[in-house]
Every structure is written in C-alpha cells, then in structure tokens.
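1. attaching a predicted model along with its sequence, questions to come.
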Amino acid sequence: MRQRLLEATVECLVDAGFTGTSTTLVSKVAGVSRGAQLHHFPTKNDLVVAAVRHLAEQRREEFARVTHQLPTGKGRTRAVLGEMADYVTSPFFTAALELWVAARSDEQLLAAVGPLEIEVGRELHRIAVELLGVDETQPGVRELIQATLDLLRGLGLANTLGDDSRRRSRILDQWANTLDRELKELS
C-alpha cells in the first residue's frame, strides 16, 4: 500500500504539479482509502517528500546496476553523461522540480525538502565521481563534477518544456570531450 501511495504521488506531481496534487487525489490514483493514506502519511508534505526520497533510492539502485554495463576507456564519459541525463529527464526530476519550486515559498516544505535535496545532491555527486572514476582530491576535479551536475540539471529543466533530446545529445557529446580533456589535464 505504501508503495502504491508513493508511486501515485509521483504520478500526480508529474501530471498535476505540486499545487494540483492533493492527498485525496493521491488516494484515488493509488486506489486506497483516505484513511489508509493518512495512516501512512499524515500530511501532503510528508507524502510528497517520501515519494521523492523513494524515487531517489530507486535511482541509486539503477545507477548501481548500470555501473557494470558502462564501457571502459574511450566512450565511458559520454555513456556516464547519458545515464545521468536519463536521470534528470525522468519523472523523478520532474517531481523533485515541483517540490523545489513549491518549497521556495513554503517554509514548512522547505524545511523538509532542503535536507533531502542536500542528501540527494551529495549522493548524485558521489555517483558521478564513482562512475567517472576520478579522484576528487585533485584540485579542480570536484568543481568539474559539480559543473557537470549543474549542466545536467539545466538540461533536465529545459526538457520539462518539451522534448529536447537532439540538442541535449549534441551538448553532452561536446561536454564529454571537454570533461575528458580537462580531467586528463588535472590528473
């Protein structure tokens, strides 16, 4: 039941946005009673934050599975960027984006979303370092990884307005070349 509620919440956030998502709508989409929903998640904020946390955990598991399928050597950076771009163009990113925007003007939501965003951001950074196989103790490497994540978030944001896959692919091709060159110089 909890799983159904979390998945229904994500669906509602993606389809109806934060303001259009209500606990009543989530209960209906999940096919559970309002009482059952309230038992698991007493407030809308509890529900939406739990749903985004749930999606972040799923993505972490997906990255762990993909790690062994990525090429080694030439082409790895582009493949990693592709996997990470899939992350920022997924329903997870759209749901998280809805929360970020709503949290900007809702102190209670910000108090819940802020720590979650820090946690998810750090985990994504750690995953990028691991997948790229870089040593972030080298000066400049941490900043390149963070710039990469910021670029990816921007591409994810652009994708929310329409399919941007062709342009995104060209940008990622170029950034993979730039990133490889810069990381090589720093090592």
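-> Alright, I've got the coordinates. Numbering: from 1, shown residues only.

2. can you report how many residues lie near Leu144?
-> For Leu144, the count of nearby residues is 19 (other CB atoms under 10 Å). From N, CA and C alone the C-beta is placed, and that goes for glycine too.

3. which helix or strand contains it?
-> Taking DSSP states H and E as the criterion, the element that holds Leu144 is helix 141-159.

4. backbone phi and psi for Leu109, please?
-> Leu109 adopts backbone torsions of phi -70, psi -40, taken as degrees, to the nearest 10.

5. my read is that it contacts Trp100, right?
-> No. Here Leu109 does not reach Trp100: they are 9.6 Å apart, not a contact under CB atoms under 8 Å.

6. how about this protein, which residue sits the furthest from its center?
-> Using CA atoms, centre = their mean, the residue of the chain lying farthest from its centre is Gly35. It sits 30.2 Å away.

7. name the nearest residue to the most centrally placed residue in the chain, ignoring sequence neighbours.
-> Centroid-nearest residue in the chain, with CA atoms, centre = their mean: Phe93, separated by 4.4 Å. Spatial nearest neighbour of Phe93, excluding adjacent residues (CB to CB, 6 or more residues apart in numbering): Gly156 at 4.7 Å.

8. ok, the one you found to Glu185 distance?
-> 28 Å (CB to CB, to the nearest Å).

9. quick revisit: what residues are up against the residue nearest to Phe93?
-> For Gly156, the contact set (CB atoms under 8 Å, 6 or more residues apart in numbering) comprises Ala85, Tyr87, Val88, Thr89, Phe93, Leu97.
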